[in-house]
Each structure stands twice: as structure tokens, then as C-alpha cells.
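K.L.:
the amino acid sequence is not available; the structure is as follows:
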């Protein structure tokens, strides 16, 4: 009898333990450490607000967060503009499952190499003496190499889109594949043009996929520090880089406070998206 | 991490057990002659050394095993991780291979032990930069965390640095060098003589400095001072006002588009230079070599204001005792005995005891690397790869010219915390 | 609504690559007819419907609606409306917006289109559910909304793709009645695809039986039942015993040697004869003068309430089925294994041309 009553708790126990151990405990630790003090070599258990004060009252923080949010927003818009048509093409125009798989694999090519190798290979492509500039010079489209192609905000966004468009494509594709094809016929039967059907049927029904893709892209970009550093040539800041710099000087409490603030910002963003779209439909 | 520590303990207990058995053997008189026993026993020792990648060289570990019989286990980490691990996990290593500016942070945490100079055979022959601070008696001591200032502590168990030499030495120097700007002589199109030349409008969008705040700020200071923007009391320990001025200048320079990029890793700096994206930048000497080895001209340009120097050393963990401590002393004595010194010199770095290193190098090698003489034959690196053709002269010339012209040592500032905030501001600008 | 709008299919063919889905279909459906396309799956009935709707384009042939050739017109410009098999209601729109969808596509202002939609919803008695999402409705309610959505365009032909198949049997009968009543009231043409002969019989003015992309028979239900044009139709409609026979000189010989007089003396060669199961009687011995009698063994007895169906094995002949009124069966009951004789009146024999 008693065992029967315990059984459901026992069944959820492993997951709960994993969840607590690998999610709750680390986050609580970060929150705790964010209130600690530190000097050049040590972090000192304490309860001080200086980490947050230094963070929130610094214009650098605001500028950096502004920059990071801007990157996230631009990347979001572009990945959406790129991802939606790609997903649409894959879902509605590519009929055979084999071809869908092949084309999906093509989308994952950016993930086949490491960040560093990717970054190194951007140089011969986008660099001052790179392929693109050489080609444009050759074609006499430009008479000076385009410097903004590499080590610039443009390059950062390009790399983000290159990497994360897939995270937009997959959930939207998934949403699209769940749309009953007869709905589209019904819409056509009702006189809907291609664009009208897209706007009144496909996009509304893809909203959960768009939301999930947006959450992926926005959260990844907000937490990124590698791409922004490599592609901007270290010229642009991101919240992640700011934390990394603090950590490199053993200023863990400062980094932790920053992490807490970023976490709150990201959670608020996600919450806002969830308010607009009921993502649970998709799960 | 806990796990590592625990296995460490187990191994140590085993060693102690072995020691006790050995002791019993002595007592029974079964074996006579202590050195034999010691030589047998020390072979079972494993010393765990960790540190920055530059001096974690496998050949050294192999040669150590061959010469001394015990095992040296090397772990290479990046410099941030090194400081962190040194302080927070002192039981996880036996020998810390750290830089002098790190020593200033790490030693006061009381997790390292000073060495008795009487047990260091070649102590008197160590380059005086690491003892008195002066290369020659008339040298001016450079700014920053000069090695000698963190090389001695007040007593055996002290963690407090002594301004003057004592019998207790914190670190045995391993590698050190003088850093400057690297240039592409084929692309700069004019002689480069000062740190401020990186600001030349002709190089707009073709320069870079490194984005490691503690070192980047020093390069920036060298540039600012050279251009007459800021006058520093101590570039290695700036005041808030000096930091503000330096960063403000950097931000202006960045906004005007002078910099192409800021690099953080060795590979990045090599790629920037090799691809021609950048033609003048802060650089590390092996990166210059790496660019040159691709057949691309690159010069480690000596500058009037002098060099920014750095150095590393070996420090012993506090927990070392008994046979392991003996082995550690044996190891540092071996380190200074010449083979390692020659090895390091051939890499273009400098080593601590020059006399012993010289004995292990050919005359031509010594002439090229240390005396600034033109190479007579091919100059090879320790792996046997040809680095320079006959007739080549080392950038910057002789040891005395390079290490004698150090303007500033890598350092950790009192206003560290403030400096990082400002550096972030610069990067965010 | 009463404008003449006959639907006419002229040699309509649909090919998918090498596969022939619909093979030269000719059919005329007079305006205001309830027409059922009946057949097993894969017979081409749904493809035919979709070609009329405009969701498939005919490979060959023409489709006329009234005076217009609609073969290649887009769905919304044909004057047809379609109700999909699982209703295809837009899950993100409430009932009003679902019904008003085609008006929205035409750019009708929100207030006007909602009002029009409410009007149609009232017609299908769904006005009380106007604000609900499809997921919040029962199957029958969804069907009514789907009907309303199709009707709002004021079509002259309503196309229904297996509209009742998603409902439970009880609801199916109820909605069947409603569909028929609605069609009668609106007076427009309904073309209804089904694989259920019962449904077709119950609803249709015109039953079109299809097989292999071709029409086997297109007639009133009663004609189809009483005078099936082919053995397939007789079998598919059910209630018939279809027997192979050899005809000649005004009579035919069944497989077991029984001689059957034929009403039509012109038939010769291999033919089929169909005899309705409910016209057969079980008789004892030879006591059936003037009737055709076949002797066999009762194989099964199935009780359906008003009737009882007896399956009979006859040597050298396909098994026979006899439907007896309950009262008649229990007047002289048989059990499986009993020797029985089946008798028909000669006038109940229906000859199917080879």
C-alpha cells in the first residue's frame, strides 16, 4: 500500500535529482556567489551588493547589454526572414522525405567545423585580400576592398545567421509539417491567394514554431561570446565577453552578478514570447 | 575536481607507505647505503606540474625521466585558468609553473612554499633580473611586476614578499622574453621605431592589439607614453586617473577606425598577420616565428621605448614534503643545469642560468640567439626544423640589448578591478 | 439559387505518371441533384470529385458547370464549394471566422462578414457556438460548421468528400438526414463521395458506381438496386446473388446444371444473372411449382432483427444468400447443416450483360 503511494514519487525522483543537480544547484550557486565579495585572488563569502551596484550603475553595462540585445534582435529578424522561406520550401515544395533529409543535412554544414576553423576560413573569404573582395575588385564593382566584411558588426551578424538559421528552420518546418494539407486546400477553395493563405493560415499555424525558433536564436545569441569575439575581431562587446573578462581576472562574483542579470533578461524575453504564442501546443 | 584530489591523496598515502617500508628495510640493515635506496625510491615519484602552455614542453618531461628517473606529469592551461587553479585547488598540483605577475596574486594565498636557496646549486648564476632586479649594476629597474620584487619572501613559511633578497626564493625562473610589436616589413612601407607608430594614419584599419586586459593595457600604455598622451608613474600599477586617460585614448583610436581587430589567442594573431589583415600589432615571439615559417616576412621590431617583458617560474606547492620535496629540488636543480636552458634558448626564449645553457649549445647557436651575431650555419629549433638561414640576425639583437631595454614587466595592478571595468568599456565602445 | 447548373463531365481522365486514376468518365448531373459517387477505395471517385472542385486538374476532357467550362478554373471561381473529409476547419479561428473565411479572402469588412457568417451558422443551428474554436466542438458540430463555411459562398454545387465517415454510427444516421434535408431545402446540387452503399442509397437521387477509374453505372438508387448494370455493381450494392451462367435460346444454365428461363431471349454466351436475396424463399422438397429451385446446405444463419439471412452452400455454385422476413424464417427455421432448397420466381431473375 505504502509502496504504491510512493511509486509516483520514486518514478519522478531520478529526473528531479538530475534537474536539481545540474540546473537548480548551479544556478543557485551563481546567485549566491553574485553576492560575495572578492579580491585579486580570492572570492570571499559575504553578502554585498557592490557587484550589482558596479554592474547596474556602469554605462558600460548598459552599452554592452544594448549591443547584445541589438545583435539578438538583428539576428532574430534575419534568421526569421531566411528561416521561414527555407522551412516553407522544405515543407511544401520538397515532397520526398529523402530530399528533405538531404537538404536538412546541407543546413547543418556550418556545424561540421569548430568555431576557430570557421573563423579562420572566413578570413580568406571576407578578408581584405579575400575571395569576395578580389572578385568584386576583379569585376570592377569596387575599387577599394570592402573593410566592413570582416571584423565588424556585419561579420558578427553574418556568422550568427550562418550558424543559427537552422535553429529557426527546424521548429518552423516542424510546425509546417503538422499543418493538415487539406487546410490549405480549404483556404484555396475559399478563394485565398497564395499570399493570403500564407498570411491567414500558414503563418498563424506556424506561430509556435516561430516562437520556439525565436527563443533558440535569441537565447543563444544573448549568451554568445565566441562568435562575437572572433567575428568582430574583438572590436565588439557582448555580455558573455564581459563575463569572460571578469572571470579571467578571477572576479567571479562580478561575473556571477552579470550572469544573474543576463538570466533575468533572457527569462523575461522568453516569457514575453510565451505570452504572445502558446508554445505548449507544439510540445 | 574532488575526484582528482582524492586519487592524489591515495597515491600520496601509497608513497608514504613505500617510505615506511623503506625505513623498516634500513632498520633491519638489509640494504646498506642510503643513496641507493633514495635513487630506487625516487623513481616512484610523480610530480604533477601545471602551468601555461609555453613551458609545458613534453621533451622536458621526457628528458627529466631519462636523467632523474622520476615522472613529470605536465598539464597546460590558459593563464586565467592557471591562476584560478593555483589558488583554489592547491592540492591538485605539486609544481606550479606560473608567471611572475601571477605569483604576485598567488603566493600571498599561502598555498606555495618558498625554496631554500642553499639547496639550489646554480642559484648564484641565475640572471640577476630574478634576484637583484638589475641585469647590470647600472641598469634601471623596469616598471610593472619586476620578477625580483616577488622572488623572495621573509622566511621559510612566510607568504609576504621581501624587498631585498633573503634565503627563501619563491620561483625558479623558467622562460622569459621581451615582447614588442610585430610588423609586416613588406607592407608597412616605412621604418618603424616607436610604439606610437601603430597610430600612424597610414595604418588605419590595419593594426591590432591584444584583448587580454592585463597585458593589453600595458601595450596600450607603451603606445600612450610613446605618443605623449599619458605620463605614467608605473605602467604596471596605474592610478585610476591613468587608467581613465589610457582607456579614453584607446576608445578614440578605436572609434577612428585605427584598429582592425583585437586578438586573444596565439592563432588569431598569426592569422591576422599572415593574411595581411593587419600589418602592425602586438605579438608574441613564437607567433612571429609562425608567420615567418609560412614564408611571409614578419619582424619582431625593436622599439626605442623598449620592451614589455614577461617571465615565468616554477614554484613548489605547500603540501610537498619528504621524498617528493627532495624530488622537486632535484628537478629544479636539473632545470637550471643546462639542458633545459639550451632547449628554451633555441626556441627563442631566454633561460635562467646562461652559463650552463651555453655549455649545451653550439657556438653558432649561442652567437645567433644570445649575442645578436649573424648565423653562420642554419639555425634549427629544438625539433630540428630550420628556423633561419645563414646570415640571419635575431630581431632586436643580443640578450643584453633586449633584456636590457625592458620598459615594463607584465603586472597585476592594485586597481585591477577598475581596470577591467574600463577595459570592458573600451571593447564595448 | 435555382439557376440551371448541370454538372457535366466529358471524357474526363486523370493520370498520375503512368497510373490512370480516372479513365474517360462521362457523367451528367442535373441541377439540384443529390449525387453520390460510390465505390471501393482507389476507384477514382475522390479524384473525380477533386477535379470538379478544382483541387486536381483533369489530364484530359472537360468539366462543365451550367454553360461554363470550369476544367481549368481555380477552385473559388467555379461556383463549387467543398467540404473536406475531416472538415479541415482552421484550428486557429473560431466558428464565425471559419465560416467567414472566404469573405475575408474577398476583402469583406469584418463586421459585414461576421454578420453574414452568423446568418449561415443560424441556418445550421450553430449560432450558439460562434465563438468556439473547432477543437472545442463535437464531430457533428464541426461538420455543421464545415457545411456553413462551404455554403457561405452560395455555391451552385456542393462537393462533399466522405462527410460522414468521421462520425460514430448513430450520429452518422442523424447527419445523413440533415444533409438530405438541407439539400432539399437549398435545392442545389450535392456531389457526395462515399464508399458506403447504404449511405448512397439513403441520400442519392443519382448513384454513380465507380470501379477502376470508370463509371460502372449511373442511375437512380432503385434502378441500381433492381437492375445492376454489371456483376460488380450487383455485388457492391449488396443484397444480390450473382451467378455465372451460360445463356442460349431464351434460357441459361447455371454452374450446377440448373436451367433458368430468361425474360430476355436475346442474351447468349457467358452471362451473369443476379437474383435479389430477399426475393428467394426456402422451400421444402419439390413443393414449388413454377419456380427455380436449387438444393444446398445451410451454412450460416444471421439474425438482423427484421430479417434473417441464411447462407447456403450449393455444389458447383457460388454460395447463395437468402434474406427472410423474421416471421417467415421462424415459421420454418433452419440450422447450419440442414439440407435446404432455395426457390425464386423466374421474373426475379435479372440478366447482366457480359
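P.N.:
Ah, there it is. Just so we're clear, the structure is a prediction, and the values are computed from it rather than from any experiment.
K.L.:
please identify the residues of chain A in proximity to chain C?
P.N.:
Counting by Cβ under 8 Å from any Cβ of the partner chain, chain A comes close to chain C at A:180, A:182-183, A:185-193, A:196, A:200-201, A:204-205. No exception for glycine: its C-beta is placed from N, CA and C like everyone else's.
K.L.:
go with 6 Å
P.N.:
Residues of chain A found near chain C (Cβ under 6 Å from any Cβ of the partner chain) are A:182-183, A:185-186, A:188-192, A:196, A:204.
K.L.:
and the residues you listed, which are buried?
P.N.:
For the residues of chain A next to chain C, a burial check counting by 16 or more other Cβ atoms under 10 Å in any protein chain shown picks out A:182-183, A:185-186, A:188-192, A:196.
K.L.:
same list (those) but as CSV, adding distance to residue A:5 and pLDDT.
P.N.:
Listed next are these as CSV, based on distance: Cβ to Cβ, whole Å; pLDDT from 0 to 100:
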residue, distance to residue A:5, pLDDT
A:182, 47, 91
A:183, 46, 94
A:185, 52, 91
A:186, 50, 92
A:188, 56, 91
A:189, 55, 90
A:190, 55, 90
A:191, 59, 90
A:192, 55, 89
A:196, 56, 94
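K.L.:
now secondary structure and distance to residue C:313 too, for the residues you listed, in CSV please.
P.N.:
Formatted as CSV, these follow (DSSP: H, G, I helix; E, B strand; the rest coil; distance: Cβ to Cβ, whole Å):
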residue, secondary structure, distance to residue C:313
A:182, helix, 46
A:183, helix, 51
A:185, helix, 49
A:186, helix, 51
A:188, helix, 54
A:189, helix, 51
A:190, coil, 56
A:191, coil, 59
A:192, coil, 59
A:196, helix, 63
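K.L.:
helices and strands around the biggest helix by length in chain A, which ones?
P.N.:
Taking DSSP state H as the criterion, chain A has its longest helix at helix A:59-88. Where contact means 3 or more Cβ pairs under 6 Å, 6 or more residues apart in numbering or on different chains; DSSP states H and E, helix A:59-88 is packed against helix A:153-177, helix A:203-223, helix A:239-248, helix B:416-428.
K.L.:
for those helices, please prepare a markdown table with the additional fields mean pLDDT.
P.N.:
Formatted as a markdown table, the helices and strands packed on helix A:59-88 follow (pLDDT from 0 to 100):
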| stretch | mean pLDDT |
| --- | --- |
| helix A:153-177 | 91 |
| helix A:203-223 | 93 |
| helix A:239-248 | 84 |
| helix B:416-428 | 85 |
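K.L.:
buried ones in the longest helix of chain A, by neighbour count?
P.N.:
Buried residues in helix A:59-88 (16+ other Cβ under 10 Å): A:60-61, A:64-65, A:67-69, A:71-72, A:74-76, A:78-80, A:82-84, A:86-88.
K.L.:
cool, and stretch A:207-216?
P.N.:
A:207-216.
K.L.:
same thing with stretch C:246-263?
P.N.:
In terms of neighbour count (16+ other Cβ under 10 Å), stretch C:246-263 has its buried residues at C:247, C:252, C:254, C:258, C:260, C:262.
K.L.:
quick one: the second one and residue C:260 touch, right?
P.N.:
Which is residue C:252. Yes. Using Cβ atoms under 6 Å, residue C:252 makes contact with residue C:260 at a distance of 4.9 Å.
K.L.:
re the thing from before, between helix A:153-177 and the next helix or strand after the longest helix of chain A, find me the angle.
P.N.:
Sequence order places helix A:97-107 as the next helix or strand after helix A:59-88, per DSSP states H and E. With axes from the mean of the first three to the mean of the last three Cα atoms, to 10 degrees applied, the angle from helix A:97-107 to helix A:153-177 works out at 160 degrees.
K.L.:
can you list the neighbours in contact with helix A:97-107?
P.N.:
Contact with helix A:97-107 is made by A:90, A:94, A:166, as judged by Cβ atoms under 6 Å, 6 or more residues apart in numbering or on different chains.
K.L.:
next up, the contacts around residue 172.
P.N.:
Looking at chain A here, since you left the chain open. So residue A:172 contacts A:83-84, A:87, A:206, A:209-210, A:213 (Cβ under 6 Å, 6+ apart).
K.L.:
I was after chain C.
P.N.:
residue C:164.
K.L.:
what is the neighbour count of residue 147?
P.N.:
As the question left the chain open, I've gone with chain A. Here the number of neighbours of residue A:147 (other Cβ atoms under 10 Å in any protein chain shown) works out to 17.
K.L.:
please go with chain C instead
P.N.:
26.
K.L.:
can you tell me the element it falls in?
P.N.:
helix C:139-151.
K.L.:
and that helix, is it in reach of chain A?
P.N.:
No. For helix C:139-151, no contact with chain A is found by Cβ under 6 Å from any Cβ; the gap never falls below 7.4 Å.
K.L.:
how about residue 184: what's its closest non-neighbour residue?
P.N.:
You didn't say which chain, so I picked chain A. Counting by Cβ to Cβ, 6 or more residues apart in numbering or on different chains, residue A:197 is the residue found nearest to residue A:184 once chain neighbours are left out, at 6.0 Å.
K.L.:
my bad, the chain I had in mind was chain B
P.N.:
Per Cβ to Cβ, 6+ apart, closest to residue B:184 is residue B:279, 4.3 Å.
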